[in-house]
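**Q** just a sequence and a predicted model for now, questions to come.
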Amino acid sequence: MTILIKQTLSHLPESVERPDYDLAQVTVGIVHLGVGAFHRAHQAVFTDAVLSRDQSWGICGVSLRSPETRDALAPQDGLYTLKVQDGGGERLRVIGSVVEVLVAPEDPELVLARMAAAQTRIVSLTVTEKGYCHHPATGMLDENHPDIRHDIAHPGRPKSAVGFVVEALARRQAAGLAPFTLLSCDNLPSNGHVLKRVVERFAALRDPELATYVAGVASPSTMIDRIVPATTDMDRASVAATLGAEDAWPVVTEPFKQWVLEDDFPLGRPRWEDYGAVFVHDVSAFEMMKLRLLNGSHSTLAYLGYLAGAETVSDAMQLPGMEELVEGLMREEATPTLPPLPGIDLAQYRAELVARFKNPALRHRTWQIAMDGSQKLPQRLLGTIRDRIATEMPYDRLALGIAAWMRYARGIDESGKAIDVRDPLAGKIASLTEALSTPGEIVDAYLGLSDVFGQELADDRDFRAAVINALSTLMTHGAAVTLSSYGRSPL
């Protein structure tokens, strides 16, 4: 079977959508750090639509660690298939907006040259929370992070996204060019502000004059939403059967997609709004809605679902009590903490989230969502808990989500089998909790992680008691029995 390349586009079935622009005319206007499945199922799709009118916004994708994406897409002329599916069927579309993929460790100089080039007007990022090399509890740059220390010492050979951004800006300054716009697309509160803060601090550590230049960088915040499971071999086989051509790395997603952005792009931007994006003056309310309703419930569901033996999100939603827990967490504990959202029907939004979680066509693994909990929970759950504490409102479901993470991150499931915990603090957590047995001892060890909990929560006796109670219930009864109590009297 042939592979998916430019020459095979004309031979694809009529049901498969494909680029309606001349691929040879596309030039790079965006450099994207972290060219993973989420980016290729979201921002690259919006940009692909724009290219039918303006071919100057092609994407240079950069892998900061692994060459896998480059190795998959380079033989395919950068083309890949977007598979959109739900219970009603599927739709395939070939995406052509990723002009090239570079691997930063192999050739950092080429990556920096692309970022510093005059035609690069936007540098965007999906590097996950841990990629910002910051303290999640405070949002400040972790100046002792190994990659940050390396990049200060070796600015021309950076490892971190922050290091690449600042060195590229330094080169633009030296060349007399205006700075590009920084566009964070990660799940962080005020993600643009967080990115700007760590970049400014890094620049100040390098050179005060560079810090002055970096202070002029635009860094709009965004809210971005689409569920994108990891691609499986079954997905590849299904896509190949429909295309009549092999695609080494298609991406699979749901029909729903949302992108809300602050409109601050001094060097220009694609007209993403023509294809569904929404530009606003301040994205913070939308961002908080998504982080606290979708992401907070998603993480809670993932930890409890994994512990109860559910492989996927849709499997987890079938567990007795899970839907009641998720809906109750969103409606009763998270929603009252949200700012006003004119034009948004929160009841409808919550119902849509439950329906999306139950989508049986998306094999979104609970293990995948459970990754990097130490970086995610401060934004997804702990901020909501702080607001509940400030108004003296209960937060039992949120505390259960925290306890489920604590149970999961110790690395042993309920049957005594090892869990492959992927988290920057996994080793530290294991060493802190391995010899502990009581819920109180375990919770106290976790609360010593100041980068996660900060000092205020660690010192809050009621918070400590709520998490101990939830962890005790999980350790005594197990996740499945704990979940089944929702919708009937608590344990």
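**A** Looks like it arrived, so ask away.
**Q** quick one: neighbours of the closest residue to Ala399 other than its chain neighbours, just the number.
**A** Taking Cβ to Cβ, 6 or more residues apart in numbering, and ignoring the residues beside it in sequence, Ala399 has Ala466 as its nearest neighbour in space, at 4.0 Å. (Each C-beta comes from the backbone N, C-alpha and C, glycine too.) Here the number of neighbours of Ala466 (other Cβ atoms under 10 Å) works out to 22.
**Q** so Ala466 sits against Gly401, correct?
**A** No. Under the criterion of Cβ atoms under 8 Å, Ala466 makes no contact with Gly401, lying 11.2 Å away.
**Q** on the pLDDT front, check the residue nearest to Ala399 for me.
**A** With respect to pLDDT, Ala466 scores 98.
**Q** buried residues, the helix or strand hosting it. List them.
**A** Assigned by DSSP states H and E, Ala466 belongs to helix 461-477. Within helix 461-477, the residues that count as buried by 16 or more other Cβ atoms under 10 Å are Phe463, Arg464, Ala466, Val467, Ile468, Asn469, Ala470, Leu471, Ser472, Thr473, Leu474, Met475.
**Q** check which helix or strand the residue nearest to Ala409 when sequence neighbours are not counted maps to.
**A** Residue nearest to Ala409 in three dimensions, not counting chain neighbours: Ile429, with 5.1 Å by Cβ to Cβ, 6+ apart. Using DSSP H and E, Ile429 maps to helix 426-433.
**Q** Phe256: neighbour count?
**A** 15.
**Q** quick one on the thing from earlier: what average pLDDT does the next helix or strand after the helix holding Ile429 get?
**A** The C-terminal neighbour of helix 426-433 among helices and strands, as given by DSSP H and E, is helix 439-447. Averaging pLDDT along helix 439-447 gives 98.
**Q** over to stretch 173-187?
**A** On average, stretch 173-187 scores 97.
**Q** that one: which residues count as buried?
**A** Gln173, Pro179, Phe180, Thr181, Leu182, Leu183, Ser184, Cys185, Asp186, Asn187.
**Q** which stretches of the stretch 101-250 of the chain form strands?
**A** 122-125, 181-184, 222-225 (DSSP state E, counting those that start in this stretch).
**Q** can you list those strands in JSON lines and add distance to Gln258?
**A** JSON lines is the format used below for the strands of the stretch 101-250 of the chain (distance: least, Cβ to Cβ, whole Å):
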{"stretch": "strand 122-125", "distance to Gln258": "16"}
{"stretch": "strand 181-184", "distance to Gln258": "16"}
{"stretch": "strand 222-225", "distance to Gln258": "4"}
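**Q** follow-up on the earlier one: which ones are touching the residue nearest to Ala399?
**A** Counting by Cβ atoms under 8 Å, 6 or more residues apart in numbering, Ala466 makes contact with Tyr395, Asp396, Ala399.
**Q** any idea how far it is from Thr473?
**A** 11 Å (Cβ to Cβ, to the nearest Å).
**Q** Val50 too?
**A** 50 Å.
**Q** with Glu324 instead?
**A** Applying Cβ to Cβ to Glu324 and Thr473 gives a distance of 16 Å.
**Q** thinking again about what came up before, would you mind checking the contacts of Ala466 for buried ones?
**A** Of the contacts of Ala466, these count as buried by 16+ other Cβ under 10 Å: Tyr395, Ala399.
**Q** sitting in helices, which of the contacts of Ala466 do you find?
**A** Asp396, Ala399 (DSSP state H).
**Q** so which of the contacts of Ala466 comes closest to Glu414?
**A** Ala399 (19.2 Å; Cβ to Cβ).
**Q** ok, now which ones touch the closest one?
**A** Contacts of Ala399 by Cβ under 8 Å, 6+ apart are Ile385, Phe463, Ala466, Val467, Asn469, Ala470.
**Q** show me the two of these that sit farthest apart.
**A** Longest span within the contacts of Ala399, Cβ to Cβ: Ile385 and Asn469, 14.1 Å.
**Q** tell me the average confidence for stretch 19-37?
**A** 97.
**Q** kindly check the end-to-end length of it for me.
**A** 19 Å (Cα to Cα, to the nearest Å).
**Q** what does stretch 13-20 rub up against?
**A** 9, 12, 48, 51-52, 81, 91-96, 242-244.
**Q** one more time with 7 Å, if that's ok
**A** Stretch 13-20 has contacts (Cβ atoms under 7 Å, 6 or more residues apart in numbering) with Leu9, Leu12, Asp48, Ser52, Leu92, Arg93, Val94, Gly96, Thr242, Leu243, Gly244.
**Q** repeat that for stretch 371-391.
**A** By Cβ under 7 Å, 6+ apart, the list of residues contacting stretch 371-391 reads 128-130, 136-137, 187-189, 291-292, 295-296, 299, 333-334, 337, 395, 398, 401-402, 405, 409, 422-425, 449, 452-453, 457, 460, 463.
**Q** next one: stretch 258-273
**A** 46-47, 50, 54, 57, 121-122, 178, 180-181, 192, 218, 220-225, 277-283, 286.
**Q** need the contacts of Ala399 in TSV (columns: distance to Ser485).
**A** Shown next, in TSV, are the contacts of Ala399 (distance: Cβ to Cβ, whole Å):
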residue	distance to Ser485
Ile385	21
Phe463	21
Ala466	16
Val467	17
Asn469	13
Ala470	12
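**Q** closest to Ala445 out of those residues?
**A** Closest to Ala445, out of all of these and judged by Cβ to Cβ, is Val467, at 11.8 Å.
**Q** for the closest one, which residues are in contact?
**A** Ala399, Ile402, Ala403, Val443.
**Q** how close does it sit to Tyr306?
**A** Relative to Tyr306, and taking Cβ to Cβ, Val467 is found at 19 Å.
**Q** what angle separates the helix holding Ala466 from helix 439-447?
**A** 120 degrees (axes from the mean of the first three to the mean of the last three Cα atoms, to 10 degrees).
**Q** can you dump the C-alpha coordinates of the following helix or strand past helix 461-477 into PDB?
**A** Using DSSP H and E, the helix or strand that follows helix 461-477 in sequence is helix 479-484. Output of helix 479-484 as PDB, limited to C-alpha atoms (Å, rounded to 0.1, in the frame of the first residue of the first chain):
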ATOM      1  CA  ALA A 479     -12.500   3.400  44.300                       C
ATOM      2  CA  ALA A 480     -15.500   1.400  42.800                       C
ATOM      3  CA  VAL A 481     -17.300   1.200  46.200                       C
ATOM      4  CA  THR A 482     -16.500   4.800  47.000                       C
ATOM      5  CA  LEU A 483     -18.000   5.900  43.700                       C
ATOM      6  CA  SER A 484     -21.100   3.800  44.100                       C
END
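**Q** look at Arg422 and say how many residues are nearby.
**A** For Arg422, using other Cβ under 10 Å, the count is 12.
**Q** nothing else from me, thank you.
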